[in-house]
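>>> My questions concern the predicted model and sequence given below.
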Amino acid sequence: MADRVIFVGILVLAGVYFWATSQIPTLEIGDPLGPKAFPRLLGIGLLISAAMLLAEMLKERKAAPSTQEPEEKEDTSTVKVVAGVVVATGIYFALFELLGYAVSTMLFLLAMTAYFNKGKWWTNVLTAVLYSFISYYVFSSLLGVNLPRGVAPF
């Protein structure tokens with residue numbers, strides 16, 4: 001059940017992502033690939049991951065015995081986890097501009113790692129803080145990408 005929910009989620013996300021990518025204006029001068037090249041590659045990566053998940057689901061279906069009992073408890077907990085991640089991601093998107101990339105990403109990663117990597121606080125905090133601020137530096141300083149600063153003083 002979880003694989004199917006994730007598969008459909010990836011397809012919906014890829015569809016929305018490709019639509020959003022098509023809204024990026026194309027300039028007639030400059031880079032021949034234009035600003036749409038990297039986002040389209042990411043969209044293709046999403047579709048490839050969906051295809052790989054579908055192949056894995058079909059492989060498991062063939063290997064699984066046909067007298068399988070339904071696992072309703074596992075299905076409802078999976079749906080709750082997926083719904084929780086969707087809600088957390090929505091909150092992350094809502095706070096992205098207000099708090100800025102580094103702070104909102106750090107809070108999102110801290111929440112996700114605290115749930116999925118329970119009991120390892122040092123690892124979770126270091127991962128969230130280091131990833132957020134190092135990726136902010138790489139994107140803003142080295143690659144010249146404009147990311148929202150938000151409440152951060154840099």
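Received it, and whenever you're ready, just let me know what you need. Numbers count the residues shown, from 1 in each chain.
>>> Skipping adjacent residues, who's closest to the spatially most central residue of the chain in space?
Nearest to the geometric centre of the chain sits residue 89, at 8.1 Å (Cα atoms, centre = their mean). Nearest residue to residue 89 in three dimensions, chain neighbours excluded: residue 108, at 7.5 Å (Cβ to Cβ, 6 or more residues apart in numbering). C-beta: built from backbone N, CA, C; applies to glycine.
>>> show me what contacts the one you found?
Residue 108 is in contact with 88, 89, 91, 92, counting by Cβ atoms under 8 Å, 6 or more residues apart in numbering.
>>> If I look at it, what pLDDT would I see?
Looking at residue 108, its pLDDT reads 95.
>>> Okay, and it sits in which element?
Assigned by DSSP states H and E, residue 108 belongs to helix 101-116.
>>> State the next helix or strand along the chain beyond that helix.
Next along the chain from helix 101-116, counting by DSSP H and E, comes helix 121-137.
>>> Quick check: which helices or strands does that next one pack against?
Judged by 3 or more Cβ pairs under 8 Å, 6 or more residues apart in numbering; DSSP states H and E, helix 121-137 is in contact with helix 101-116.
>>> what comes up buried for the helix it packs on?
Residues 101-113 are the ones in helix 101-116 that count as buried (16 or more other Cβ atoms under 10 Å).
>>> Closest to residue 139 out of the residues you listed?
Within the buried residues of helix 101-116, the smallest distance to residue 139 is 7.7 Å, found for residue 101 (Cβ to Cβ).
>>> Could you pull up the residues touching residue 82?
By Cβ under 8 Å, 6+ apart, the contact list for residue 82 reads 2, 5, 6, 9.
>>> One more pass at 10 Å, please.
Going by Cβ atoms under 10 Å, 6 or more residues apart in numbering, residue 82 touches 1, 2, 5, 6, 9.
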